[in-house]
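Asker: Structure of the sequence below:
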Amino acid sequence: MSIGASGVRPCCLAFAEDQIAHWDDNRKDRALRGLFSWYYVSVGFAQIVAVTILVYFQDQMGWKAGFGISATVMLSITVVNLVASPFYVKVKPQKSIWISLLQVVVVAVKKRHLVLPETHQSVQFHNAWGSRELVPSEKMRFLNKACILSNHEPIVNDAASSPSSWNICTVDQVENFKSALSVIPMWSAMIMTFLIQSSSFGVLQAATMDRRIGTEKFQLPAGSISIFEIVTFTVWSGCYDRYIVPLLRRITGRQQVLTLKQRMGIGVFLSIASMAVASTVETYRRKAAVREGLQHDAHGTLQMSVLWLAPQYVIIGLAGAFSSIGQIEFYYAVLPKSMGSFVLALLFFGAGVASIMATLVVKTINLITGRNGMVRWLSNNLNEGHYNYYYFLLAIFGVIDLVYFIVCTYVFDERTLNMSLEMGGDAKEMVEFQEASSNHGCEN
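Answerer: Residues are numbered from 1 along each chain as shown. Okay, here's the model as predicted:
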C-alpha cells in the first residue's frame, strides 16, 4: 500500500496541473482556483465513504468483504484510467528531482575546497540550456560552489555536450536545492500537527461508549468515529475560498484576510486545542467508568454518548484543513514550479515521520509509566489507564511546537526566496505575486 500510495499521492495535483498548463492565462487561472479545493473535497469524500459504507460492510460481512470491496474499487478505477489515458496530457519524464537535489550535495562536497569569489564578475557559472537563472543567489553561498565552472571545465551552449551532473550542477539545480532547504524549518514545525491528527485512540474510546444515535437500532461503528473530523475537513475545504474568504473580507474590510503562514499557525493552535478537549473528555469518561463500576471491565459499555468525542474530532478536522492545505499552498507558492511533485511528497513524508514519532512516544510513555508494576498510561484497559494524561502531554508538545513555528515564520522570508527564484523578474511584481499567493495559494 505504501509503495502504491507513493506513486499516486505526490503526483496527482502535479498531474492535474499538467492538464491545463497549455491553456491561456485567464482560463488557466480560473481552473487553478478550483483545482486545490476540489482535490481536497474529493479526498474527503473518499474518506467519508471509507469510514461509513466500507466500515459498515466490514462490520456486517467481515474483513474479507471489506478488503475485497476496496480491491474491486481500485481495480475499477485503474481500468477507467487506462481507458481515459489517450485523452490525458502526459508530460515526458525529466530527471528525478530527488537525484537532482542529491547531485548538488555530492558536487558541493567535491568542490568544498574551492574558494568563492567576492563578486560574480570573476567567475563563470554552469547554466542549463534556455535557463533564465544566470547567477546563483547569495543565500547559502557555500552551495554556489556546485555550479562554478573551473578552468578545466568548458562553457557549453547545448545539452548534448553538457558535462556530467555529478561533476558540476546548473544554477537551476542549486537554487532548487536552496529552496528545498529553506522550507525545511517550516516543514519540521508542522510535523506535530500530523502526530496529533494520527492518533487513533478515539476508536478505542468509542468502543466503550454508547454508540446509539437517533434510534435504538442504529449504532455508529467505533471505526467510523473519525467521520466528524473528515466531514469537517471536507466541508471547510470546499467552502473556504468560495464562501468563507469573501465573508471575512466583508467583515474585516481587507483584501488579504489570512496569509498562508497564518493559516498554518491556526492549524497548529487548533491541534493543541483538540488535545486539550480530548484530555478533558477522557477525564470525564474515565470518571464515569469508575462511577459505574467498570474500572476493571475493559469491554463494558458506559451510559455516555459517543457524541462526547465529536468536538475533539471537529477541531482536529479544522486543524487539518488549516495546516495541511496551508502547507501545500505555501510550498506551491514558494517553491519552483518544477518541484510540483516534491510539494506533496514533502507533505506525506512529514506524515510518515509523524507516525514514526507517534510510535516512539507511545512506546516511551508505556515504558516509563509501566515501571515497578504500575498501570501504564496507555493500558489495554482504557478505564484503568490514563489516556487523558497522554492527550495533555501532546497538548504540551503542541505548545512547544507553536513557539518553534512562530520563530520559523520570522526567520523564513518567502518574498526574498521568491525573488531569488525569479531571476530577471521585477521586484515589485514578485511582491504582488506573493500577496496574491497569500490570498489565493491555488492561483500559483
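Asker: From here on, just use CA atoms for contacts and neighbour counts.
Answerer: Fine.
Asker: Contact partners for Ala108?
Answerer: 142-146 (CA atoms under 8 Å, 6 or more residues apart in numbering).
Asker: isn't there a strand covering it?
Answerer: No. Read with DSSP: H, G, I helix; E, B strand; the rest coil, Ala108 is helix and lies in no strand.
Asker: so what's it closest to, chain neighbours aside?
Answerer: Distance criterion CA to CA, 6 or more residues apart in numbering; nearest residue to Ala108, sequence neighbours excluded, is Ala146 at 4.5 Å.
Asker: how about low-confidence regions in this structure?
Answerer: Confidence mapping of the chain against pLDDT under 70 gives the ranges 33, 118-123, 127-134, 151-164, 413-444.
Asker: And the strands in this structure, which stretches?
Answerer: 124-125, 148-149 (DSSP state E).
Asker: now for those, which one comes closest to Val106?
Answerer: Smallest distance to Val106 across the strands of the chain (CA to CA): 13.9 Å, for strand 148-149.
Asker: which secondary structure elements does the closest one contact?
Answerer: Here strand 148-149 touches strand 124-125, going by 3 or more CA pairs under 8 Å, 6 or more residues apart in numbering; DSSP states H and E.
Asker: hmm, who's touching the strand it packs on?
Answerer: 134-135, 147-150, 170-171.
Asker: As TSV, the residues you listed with distance to Leu248 would be great.
Answerer: What follows is the contacts of strand 124-125, written out as TSV (distance: CA to CA, whole Å):
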residue	distance to Leu248
Leu134	42
Val135	42
Cys147	47
Ile148	49
Leu149	52
Ser150	55
Thr170	44
Val171	42
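Asker: what two of those residues are the furthest from one another?
Answerer: Longest span within the contacts of strand 124-125, CA to CA: Leu134 and Ser150, 16.2 Å.
Asker: still on that earlier bit, for the residue nearest to Ala108, give its distance to Asn167.
Answerer: Separation of Ala146 from Asn167 (CA to CA, to the nearest Å): 8 Å.
Asker: shared neighbours of these two, anything?
Answerer: Val107.
Asker: So between the two, which is more surrounded?
Answerer: Ala146 (29 against 17; other CA atoms under 10 Å).
Asker: Go ahead and confirm the more buried one touches Trp166.
Answerer: No. If you go by CA atoms under 8 Å, Ala146 and Trp166 don't touch, sitting 9.5 Å apart.
Asker: anything in contact with each of those two?
Answerer: Joint contacts of Ala146 and Trp166 (CA under 8 Å, 6+ apart) are Val107.
Asker: so what are the domain limits for the chain?
Answerer: As given by automatic domain parsing, the domain ranges for the chain are 97-177, 190-443.
Asker: May I see these arranged in JSON lines, with distance to Ile77 as well?
Answerer: Output for the domains of the chain, formatted as JSON lines (distance: least, CA to CA, whole Å):
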{"stretch": "domain 97-177", "distance to Ile77": "28"}
{"stretch": "domain 190-443", "distance to Ile77": "21"}
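Asker: Go through these and pick out the most buried.
Answerer: Of all the domains of the chain, domain 190-443 has the most neighbours on average by mean count of other CA atoms under 10 Å, namely a mean of 19.
Asker: on that earlier part again, rebuild the strands of the chain as TSV, extending it with distance to Lys110.
Answerer: Output for the strands of the chain, formatted as TSV (distance: least, CA to CA, whole Å):
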stretch	distance to Lys110
strand 124-125	16
strand 148-149	12
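Asker: Quick one: closest of those to Leu195.
Answerer: Taking CA to CA, strand 148-149 is the member of these nearest to Leu195, at 41.6 Å.
Asker: Could you pull up the residues touching Tyr331?
Answerer: Tyr331 touches 183, 343, counting by CA under 8 Å, 6+ apart.
Asker: Residue numbering should commence at 25 henceforth.
Answerer: In the new count, where the first residue is 25, that last one comes out as Tyr355.
Asker: For Arg33, see how far away it is.
Answerer: Separation of Tyr355 from Arg33 (CA to CA): 15 Å.
Asker: thought Leu167 was touching Gln197?
Answerer: No. Counting by CA under 8 Å, Leu167 does not reach Gln197; the two are 10.3 Å apart.
Asker: Now the common contact residues for these two.
Answerer: Here Leu167 and Gln197 share the contacting residues Val128, scored by CA under 8 Å, 6+ apart.
Asker: So the nearest residue to Phe346 once chain neighbours are set aside versus Gln71, what's the distance?
Answerer: The shortest distance from Phe346 to any non-neighbouring residue, by CA to CA, 6+ apart, is to Gly291 (4.8 Å). For Gly291, the distance to Gln71 equals 20 Å [CA to CA].
Asker: can you check Ala40 too?
Answerer: 20 Å.
Asker: just the helices in the stretch 325-468 of the chain please.
Answerer: Using DSSP state H, counting those that start in this stretch, the helices found in the stretch 325-468 of the chain span residues 334-358, 364-393, 411-435, 438-445, 451-463.
Asker: Quickly note the distance from the residue nearest to the spatial centre of the chain to Pro34.
Answerer: Nearest to the centroid of the C-alpha atoms of the chain, with distances taken as CA atoms, centre = their mean, sits Leu371, at 3.3 Å. Leu371 is 8 Å from Pro34, where distance means CA to CA.
Asker: Same check on Tyr337?
Answerer: 26 Å.
Asker: same question, Val103
Answerer: Taking CA to CA, one finds Val103 at 21 Å from Pro34.
Asker: Compare neighbour counts for those two and give me the winner.
Answerer: Pro34 (20 against 11).
Asker: Contacts only, for that one.
Answerer: 365-369, 372 are the contacts of Pro34 under CA under 8 Å, 6+ apart.
Asker: mind putting the residues you listed in TSV, distance to Tyr63 included?
Answerer: Formatted as TSV, those follow (distance: CA to CA, whole Å):
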residue	distance to Tyr63
Ser365	15
Phe366	17
Val367	15
Leu368	12
Ala369	16
Phe372	15
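Asker: Mind picking the two most distant members of those?
Answerer: Farthest pair in the contacts of Pro34, by CA to CA: Ser365 and Phe372, 11.1 Å.
Asker: So which residues of the stretch 75-224 of the chain form helices?
Answerer: For the stretch 75-224 of the chain, applying DSSP H, counting those that start in this stretch gives helices covering 79-85, 87-108, 121-134, 195-213, 215-221.
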